[in-house]
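Visitor: got a structure for you, letters missing:
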DNA sequence: TTAACTGGAAAA
DNA sequence: TTTCCAGTTAAC
């Protein structure tokens, strides 16, 4: 290693001064040592992005490349540099002949490893994202490049096999039922960069279709990157890619499996040994060589919103890459996000979807009205649903989606829906078992018998019922049938073809070997009633993902209000129409993404003076400030969609000015997932 | 973290 | 006017 200490000994005449140990002399010596470093013969200047979180320092700094590091200090490698008196990590982003910096360049302290982990494409992407989200490149790079694992670096990456099992004819068949599907594939195979929003039909084996898209891209000599929201979906893609391409062609990037495995798989991509990548949101940054396709499944899933600064969304990350690296793009899902609809509307992407008659053949969706309180035994499972389940069970497994897990839940009057309160302390009543009377959750007093103080009703209902309770009820209604549950903490990934009732919470639905014979959606009003701007869009997405698991010709029944637009969209499988309607409503209400929104949060004083520094673009609205739970305060800035770029720039300028003046930090989120 | 800079006070 | 020092600032 070439640190300054060793360099000193190489300098003639310097040893004489070593005896003098005053601080001043030491400083002079250090300076001379720096000056005496032999610079690299070629391109002696390295441009380095330093890992500091300050917005005004978010630019490359020039360092002198010592001759001894000339070979290793290539663009993309990790280095240690002296920055403001401290050793900090950084990445070399370029080697150049000369600097524009007036004054002496400090030499690089150390090349951490010659491994080129930051490709030029990802360095540029980090810049794009930092600008888009008014953050700093260092934060993006922390998301993009996994921590180094030295032992793993010593191993070589196994190259992918040269022969692939991908079959163009099989791929065309798999996509054949979709309008523009085969054309999209062919375009990929020929080296083109088509962009599409794909509305999957119920029963579509989406992992296989995506695997074929990756195969077609690989056949053109390019790499492909496919993101899915969670590890369960990634596992399905993994299996489909192995089936379609054969083993060893792709690599899976997720946060699971520990740092060594993560770094090993990342290196296989960075070194170009693998060019097909699947993974969760962090995989969007994979430095795939010759990237030809970016794809993501179910872009409306909020798992795609990165919880760490600068809070980039996977959709945005991938679409920026598609633009900058001129790749094809495929945004697929059973449902359609409002953002996906915008891609079509602006002409950025084309639609791939099944024709009407194909959709009609795939599934029949009906709505069963919600049971009324008049019923002496208010069953949550109406007669229609019971019949659908019975019919489905003759053919195979049936799926019942029920919102939220849990057994002990708030109770309310079944006539007027007044929440049931304890007569002694006014605490909430709850059922603690299937047979015991309801009791207070605070003081434990049993309400036996209970009557409603508002209307005198004697019936109780649980407005929120969990999967355990639902499984219970169904077990009683179908005594000789296997009932299985799948929810957040205990997820089933797959069920076989035998008749069984599978109760699952949204997102935890297993896949059935041959598809579910029937799909039932309970308590749709609960998903619709969430206090969220996107409640209806999100509800439709979750229902559609369950209905998507049906076998061709299957039946789906949703329990809810047949007049609700989200349920009507489900029945007609008209996700484009629903997204269009959502866009129109949000335009009127100036809600995102029809408007672009950012939040500024922090100490009240800091937020206040941030606003005086902020140069808002034309037509901007300021909402708030409102106090947050932790004593901080938040304002919302809203601009017309077309001004989004200017808003990002203004917020970036604000952060640079504030960090330059050492003002108290404010947290800025552009396009926050929730407000 | 620290070298370089600033401005104000003491020394000449 | 010069020198010294503490506090501030930029950071290659």
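Guide: Thanks, I have it. All values derive from a computational prediction rather than experimental measurement. Numbers count the residues shown, from 1 in each chain, chains lettered A, B, ... in the order given.
Visitor: residues contacting residue A:381?
Guide: A:371, A:473, A:474, A:477, A:522, A:559 (Cβ atoms under 8 Å, 6 or more residues apart in numbering). Glycine gets a C-beta too; all of them are placed from N, C-alpha and C.
Visitor: just the pLDDT at the one residue in chain A that gets nearest to DNA strand B, thanks.
Guide: As assessed by Cβ to the nearest atom of the strand, DNA strand B sits closest to residue A:85 within chain A, at 2.5 Å. According to the prediction, residue A:85 has pLDDT 84.
Visitor: can you pick the most crowded of the contacts of residue A:381?
Guide: Within the contacts of residue A:381, residue A:522 tops the neighbour count with 26 neighbours, counted by other Cβ atoms under 10 Å.
Visitor: quick one, phi/psi of that one?
Guide: Here is the backbone geometry of residue A:522 (degrees, to the nearest 10): phi -90, psi 160.
Visitor: that one contacts residue A:399, doesn't it?
Guide: No. Assessed by Cβ atoms under 8 Å, residue A:522 is found out of contact with residue A:399, at 10.9 Å.
Visitor: returning to what we had before: the residue of chain A closest to DNA strand B: how many residues sit nearby?
Guide: 5.
Visitor: surely residue A:342 meets residue A:596?
Guide: No. Using Cβ under 8 Å, residue A:342 is not in contact with residue A:596; the gap is 11.6 Å.
Visitor: neighbour count: those two, which is higher?
Guide: Here residue A:342 and residue A:596 are compared on neighbour count by other Cβ under 10 Å; more neighbours surround residue A:596, at 22 against 17.
Visitor: so what's residue A:507 closest to, chain neighbours aside?
Guide: Distance criterion Cβ to Cβ, 6 or more residues apart in numbering; nearest residue to residue A:507, sequence neighbours excluded, is residue A:542 at 7.0 Å.
Visitor: measure the one you found to residue A:302 for me?
Guide: For residue A:542, the distance to residue A:302 equals 11 Å [Cβ to Cβ, to the nearest Å].
Visitor: those two: who's more crowded?
Guide: Shown here are residue A:542 and residue A:302; by other Cβ under 10 Å, residue A:542 has more neighbours (23 against 13).
Visitor: that one contacts residue A:506, correct?
Guide: Yes. Counting by Cβ under 8 Å, residue A:542 does reach residue A:506; the two are 3.9 Å apart.
Visitor: what is in contact with the two at once?
Guide: With Cβ under 8 Å, 6+ apart as the test, residue A:542 and residue A:506 both reach A:401, A:527.
Visitor: helix, strand, or coil at residue A:556?
Guide: The three-state label given to residue A:556 by DSSP: H, G, I helix; E, B strand; the rest coil is strand.
Visitor: you'd agree it is up against residue A:515?
Guide: No. Between residue A:556 and residue A:515 there is no contact under Cβ under 8 Å: 11.6 Å.
Visitor: more neighbours: those two, which one.
Guide: residue A:556 (29 against 24).
Visitor: return the set of residues that bridge with that one.
Guide: For residue A:556, the beta-bridge partners are residue A:365, residue A:519 (DSSP bridges).
Visitor: am I right that residue A:673 is in a helix?
Guide: No. Using three-state DSSP, the assignment for residue A:673 is coil, not a helix.
Visitor: tell me who's in contact with the closest residue to it other than its chain neighbours.
Guide: The shortest distance from residue A:673 to any non-neighbouring residue, by Cβ to Cβ, 6+ apart, is to residue A:305 (4.2 Å). Residue A:305 makes contacts with A:311, A:313, A:673, as judged by Cβ under 8 Å, 6+ apart.
Visitor: residue A:101 too?
Guide: Residue A:101 touches A:61, A:62, counting by Cβ under 8 Å, 6+ apart.
Visitor: mind redoing it with 7 Å?
Guide: Shown in contact with residue A:101 (Cβ atoms under 7 Å, 6 or more residues apart in numbering): residue A:62.
Visitor: confirm it sits in a strand?
Guide: No. Residue A:101 is assigned coil when assessed by three-state DSSP, not a strand.
Visitor: what's the pLDDT at it?
Guide: At residue A:101, the model reports a pLDDT of 87.
Visitor: can you tell me the SS state at residue A:255?
Guide: coil.
Visitor: look up phi and psi at it.
Guide: Residue A:255 adopts backbone torsions of phi -80, psi 0, taken as degrees, to the nearest 10.
Visitor: likewise for residue A:139?
Guide: Per degrees, to the nearest 10, the backbone of residue A:139 is at phi -70, psi -40.
Visitor: any figure for the gap between it and residue A:172?
Guide: 43 Å.
Visitor: who's more crowded, those two?
Guide: residue A:139 (21 against 17).
Visitor: leaving out chain neighbours, which residue sits closest to that one?
Guide: Per Cβ to Cβ, 6+ apart, closest to residue A:139 is residue A:309, 4.7 Å.
Visitor: what about that neighbour, how many residues close to it?
Guide: 19.
Visitor: name the helix or strand for it, please.
Guide: For residue A:309, there is no enclosing helix or strand under DSSP states H and E.
Visitor: quick one on the thing from earlier: any idea how far the residue nearest to residue A:673 lies from residue A:295?
Guide: Residue A:305 is 18 Å from residue A:295, where distance means Cβ to Cβ.
Visitor: equivalent analysis for residue A:70, please.
Guide: Relative to residue A:295, and taking Cβ to Cβ, residue A:70 is found at 40 Å.
Visitor: and those two? Which one has more around it.
Guide: Using other Cβ under 10 Å as the criterion, residue A:70 and residue A:295 rank with residue A:295 on top: 26 against 18.
Visitor: strand partners of whatever helix or strand that one lives in, parallel vs antiparallel please.
Guide: Taking DSSP H and E as the criterion, residue A:295 maps to strand A:291-297. Partners of strand A:291-297 in the sheet, by DSSP bridges, are strand A:223-227 (parallel), strand A:328-333 (parallel).
Visitor: so which of these is the most surrounded?
Guide: strand A:223-227 (a mean of 29; mean count of other Cβ atoms under 10 Å).
Visitor: can you give me the mean pLDDT across that strand?
Guide: In this model, strand A:223-227 carries a mean pLDDT of 98.
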